[in-house]
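Asks: Predicted model follows, preceded by the sequence.
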Amino acid sequence: TGVAGLLTSGPRAFRAEGDGPAFWAAWIENGLVFGLHWCRKYFGEKIGLYFAWLGAYTQMLIPASVVGVIVFLYGCATVDENIPSMEMCDQRHNITMCPLCDRTCSYWRMSSACATARASHLFDNPATVFFSVFMALWAATFMEYWKRKQMRLNYRWDLTGFEEEEDHPRAEYEARVLEKTLRKESKSKETDKVKLTWRDRFPAYFTNLVSIIFMIAVTFAIVLGVIIYRISTAAALAMNSSPSVRSNIRVTVTATAVIINLVVIILLDEVYGCIARWLTTIEVPKTEKSFEERLTFKAFLLKFVNSYTPIFYVTSRLFQVCGTPGDYVYIFRSFRMEECAPGGCLMELCIQLSIIMLGKQLIQNNLFEIGIPKMKKFIRYLKLRRQSASAHEEHVKRKQRYEADYNLEPFAGLTSRFGFVTLFVASFPLAPLFALLNNIIEIRLDAKKFVTELRRPVAVRAKDIGIWYNILRGVGKLAVIINAFVISFTSDFIPRLVYLYTYSQNGTMHGFVNHTLSFFNVSDFQNGTAPSDPLDLGYEVQICRYKDYREPPWSEHKYDVSKDFWAVLAARLPCHRLPVTFVDWVIPDIPKDISQQIHKEKVLMVELFMREEQGKQQLLDTWMEKDHEGEAPRNHHGAKPRREGDQGHRGGVL
């Protein structure tokens, strides 16, 4: 009985037609394998559509995960056959590279970056290009698949003709309108026409704009602070006497910086969520739907910038924002910008993406969703034990307000993971697999949370997922552009193709590494930037190499961009344009069987309407015929015959 009986036997709506405790436990255990109908029946269409979308997303991740694993295994199988990696690991080449930082860093041999080069091939190979194209088409196909599934559910749940009624004004809006009415000096009593205008909301809009710009600036400032940390830590580790420490500087700095980014992202996500709610509240939207859409957009914008700014920084480093030897770019005139490793920035991007994605999944989307409700319940339990009975009743009354109990944004975390799966999937082919495993856990956690941790939400009818569909569709289109730039600029795929078909003398990749490295005369270093220990390698260095397409120091236009640079840039600019619109055109939004059923229903409705109209017309004709038949005898026999003496009587004498 009571709550214990509810959790073991399930709600009455489930027990009436379900399988009692067995069904209830299975729904929590297996998610929505077979419980979508019952979920919609108990929680309403809005929650039902969320679980339906989660199930469809999980199903579509299966083929993406399989292809991603195959791409990763292809990289593992071909790492020993990759000629550029073999050339970088070959110590016989004895290529001396320019220092990675000023003064404290010395010259280094390219062969010391062998492990990084081999690891980069796992995520930077021809198969990743195919995978980026595949995932862009996958995102478009998924959105079309969801539209078809949503239409099928609308038909089954009798929502095809459902039109959302205009919501009632929120209490906060009515209070502001009443306050404005009371302040109004007009003598007119027509107060029903009073409403909030843009002038009334201008202070709130201005506060929103300034606050959002400020929070985005805070995000960029934190990323800048992490960049300074990376530069300072790399310089400090370069002074270490241990060869093993100096050989792993890049991996150490990247891993620690990403962990810092992860902690900051998780903390700022919670802060930005609260600030977005406050900013939406001061706008005083008229309806709950308007409130939800504005809150969703603000929260998504702030969390998107917060989550992806560190990743965009890594992808932008190949645009030579760091400069070249003798002409480096500095932050605050003291910290030299980082440059990509000889193997490319894709490995570093993979580390950044994997740690942030897995960390957010594990900590934010799983532990927080279950741990925070349990912690709040435990704290509330401890507080209630210390309070009297009257205080307990007052606490219960105070918590009956809808907004105080139901504050769930189920799509926020899933949309973030959808972005990780689609936006930078070219650098992390295993992202769909981890997203699939997380979704399998997410379904069960959400089912348990709705059943045992949260108060039952008010059932709301809805025929779609609202503004989240537009957000997901925008992320899918943005993924096409970002993956194109990742392949074209962050990876070495395009330079390899240009070298293979333009500069290679034997049709192989032999000599590619030497082709991508430029020469620099160490005498051209700026004052105070040359290594403090130039003999660290045991010999004097006069010429060092760096990754770029520049003229050599003995050229007339030394250190200017070379013809090779323009050839590679010309190949990079036409980023692959994927025929995503072809998917939209090929796959109809409404399934054929559903469209046929809807057409049949419309035909039956028209036939039924025509029959009713024909019946009404026949009944009207019958009544009119009866009226005509009744009037004819009355006109023939109903008139009184005139008497013969009437005329003479009228004219006679009395």
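Replies: Cool, the structure landed.

Asks: Going along the chain, name the strands of the stretch 401-550 of the chain.
Replies: 517-521, 543-547 (DSSP state E, counting those that start in this stretch).

Asks: Which among the ones you listed is found nearest to residue 293?
Replies: strand 543-547 (46.9 Å; CB to CB). All C-beta atoms are positioned from the backbone trio N, CA, C, and that covers glycine.

Asks: Okay, buried residues for the closest one please.
Replies: Under the neighbour-count criterion of 16 or more other CB atoms under 10 Å, strand 543-547 has 544-547 buried.

Asks: With pLDDT and distance to residue 476 as added columns, please give those in CSV.
Replies: As requested, the buried residues of strand 543-547 are exported to CSV (pLDDT from 0 to 100; distance: CB to CB, whole Å):
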residue, pLDDT, distance to residue 476
544, 90, 44
545, 89, 41
546, 87, 38
547, 85, 33
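
Asks: Tell me which two of those residues sit farthest apart.
Replies: For those, with distances taken as CB to CB, the pair at the greatest spread is 544 and 547 (11.5 Å).

Asks: got the contact list for the spatially most central residue of the chain?
Replies: For the chain, the residue whose C-alpha lies nearest the mean C-alpha position (CA atoms, centre = their mean) is residue 415; its distance is 3.3 Å. Under the criterion of CB atoms under 8 Å, 6 or more residues apart in numbering, the neighbours of residue 415 are 300, 468, 471-472, 475.

Asks: of these, closest to residue 37?
Replies: The shortest separation between residue 37 and any of the contacts of residue 415 is 22.2 Å, and it belongs to residue 468 (by CB to CB).

Asks: from the contacts of residue 415, which ones fall inside helices?
Replies: Judged by DSSP state H, helices contain the following of the contacts of residue 415: 300, 468, 471-472, 475.

Asks: Could you list every helix and strand in contact with whichever helix or strand residue 46 is part of?
Replies: Counting by DSSP states H and E, the element that carries residue 46 is helix 45-77. Counting contacts by 3 or more CB pairs under 8 Å, 6 or more residues apart in numbering; DSSP states H and E, helix 45-77 is packed against helix 36-43, helix 126-156, helix 410-423, helix 431-448.

Asks: Any buried residues in it, and which?
Replies: Residues of helix 45-77 classed as buried: 45-58, 60-61, 64-65, 67-68, 71-72, 74-75 (neighbour count, 16+ other CB under 10 Å).

Asks: which one is residue 573 nearest to, not counting chain neighbours?
Replies: Leaving out its chain neighbours, the residue that sits closest to residue 573 by CB to CB, 6 or more residues apart in numbering is residue 488, at 7.7 Å.

Asks: The one you found is in contact with residue 570, isn't it?
Replies: No. Counting by CB atoms under 8 Å, residue 488 sits too far from residue 570 to count as a contact (11.2 Å).

Asks: Between those two, tell me which one has more neighbours.
Replies: Counting neighbours by other CB atoms under 10 Å for residue 488 and for residue 570 shows that residue 488 has the greater number, 21 against 11.

Asks: returning to that earlier point: quick one: buried ones out of the contacts of residue 415?
Replies: For the contacts of residue 415, a burial check counting by 16+ other CB under 10 Å picks out 300, 468, 471-472, 475.

Asks: just curious, which of the residues you listed is nearest to residue 329?
Replies: Using CB to CB, the shortest approach to residue 329 within the buried ones among the contacts of residue 415 belongs to residue 475, at 31.3 Å.

Asks: Just give the nearest non-adjacent residue to that closest one, would you?
Replies: Per CB to CB, 6+ apart, closest to residue 475 is residue 419, 5.2 Å.

Asks: Check residue 196 too.
Replies: Among residues not flanking residue 196 along the chain, residue 176 sits closest, at 6.0 Å (CB to CB, 6+ apart).

Asks: I'd like the distance from the helix or strand encompassing that neighbour to the chain centre, please.
Replies: Assignment of secondary structure by DSSP H and E places residue 176 within helix 171-183. The offset between the C-alpha centroid of helix 171-183 and the centroid of the whole chain comes to 37 Å, using CA atoms, centre = their mean, to the nearest Å.

Asks: count of neighbours near the residue nearest to residue 475?
Replies: Applying other CB under 10 Å, we find 24 residues neighbouring residue 419.

Asks: So it sits against residue 474, correct?
Replies: No. Residue 419 is beyond contact range of residue 474, at 10.2 Å (criterion: CB under 8 Å).

Asks: who's in contact with residue 84?
Replies: With contact taken as CB under 8 Å, 6+ apart, residue 84 is in contact with 117, 121, 492, 496, 509, 512-513.

Asks: let's see 7 Å
Replies: When the contact criterion is CB atoms under 7 Å, 6 or more residues apart in numbering, the partners of residue 84 are 509, 512-513.

Asks: ditto for residue 239
Replies: Applying CB under 7 Å, 6+ apart to residue 239 gives the contacts residue 104.

Asks: Roughly how far does it sit from residue 503?
Replies: Applying CB to CB, to the nearest Å, the value for residue 239 to residue 503 is 39 Å.

Asks: ok, now residue 370?
Replies: Taken as CB to CB, the spacing of residue 370 relative to residue 503 amounts to 57 Å.

Asks: More neighbours: these two, which one.
Replies: Looking at residue 370 and residue 503 with other CB under 10 Å, you find the greater number of neighbours at residue 370, namely 15 against 12.

Asks: Please name the nearest non-neighbouring residue to that one.
Replies: Distances taken as CB to CB, 6+ apart place residue 445 nearest to residue 370, at 5.9 Å, with adjacent residues excluded.

Asks: Much appreciated, bye for now.
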